[in-house]
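J.: Need a 3D model of the sequence below.
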Amino acid sequence: MKTLGKKIRLLRHQKSWSQEDVAKQLEISIPAFSKIETGITDINLSRLEQISKLFEMSVVQLLTFNDQEGLESYNTEVENLTQKLHDREVELIDLQKKIIELYEELRAYKK
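T.: Model (predicted):
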């Protein structure tokens, strides 16, 4: 079921929907939907039909869906965002160093 959960997550990302958005449309809690995406919860047929309708595809299409290009695009986006996060962390550390230097200069000036 983990593979199906990954497919559902990919489809959700392609629609730019949050887990909350999909959970509301399925009339379930966010944690319940999260468990579907992570494969913790097995999906019964009625829920599978509900999810397939939400993404405008048949149950068979949902089960056999394999968007390699979309998956690669998603992975690339995750890598880019991870790099941006790292860059911001480095920038933050540099700013913290500057604040410490200015504070130390101010302390030295006051003495």
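J.: Remind me what the longest helix anywhere in the chain packs against, helices and strands.
T.: Secondary structure assigned by DSSP state H gives helix 68-110 as the longest helix of the chain. If you count contacts as 3 or more C-beta pairs under 8 Å, 6 or more residues apart in numbering; DSSP states H and E, helix 68-110 packs onto helix 2-14. Bear in mind the C-beta positions are built from the backbone N, C-alpha and C, glycine included.
J.: List of residues touching the helix it packs on?
T.: With contacts defined as C-beta atoms under 8 Å, 6 or more residues apart in numbering, helix 2-14 is touched by 18-19, 21-22, 36-39, 43, 51, 55, 62-63, 65-67, 70-71, 74.
J.: Check the offset of that helix from the chain's centre.
T.: Centre-to-centre, helix 2-14 and its host chain are 10 Å apart (C-alpha atoms, centre = their mean, to the nearest Å).
J.: Would you mind getting the angle between that helix and helix 68-110?
T.: Here helix 2-14 runs at an angle of 70 degrees relative to helix 68-110 (axes from the mean of the first three to the mean of the last three C-alpha atoms, to 10 degrees).
J.: CA atoms of whatever helix or strand comes next after helix 2-14 as PDB?
T.: Tracing the chain past helix 2-14, the next element assigned as helix or strand by DSSP states H and E is helix 19-26. Output of helix 19-26 as PDB, limited to C-alpha atoms (Å, rounded to 0.1, in the frame of the first residue of the first chain):
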ATOM      1  CA  GLN A  19      -3.300  17.200   3.000                       C
ATOM      2  CA  GLU A  20      -5.900  19.300   4.700                       C
ATOM      3  CA  ASP A  21      -7.500  20.200   1.300                       C
ATOM      4  CA  VAL A  22      -7.800  16.500   0.400                       C
ATOM      5  CA  ALA A  23      -8.900  15.400   3.900                       C
ATOM      6  CA  LYS A  24     -11.800  17.900   3.800                       C
ATOM      7  CA  GLN A  25     -12.900  16.700   0.400                       C
ATOM      8  CA  LEU A  26     -12.800  13.100   1.600                       C
END
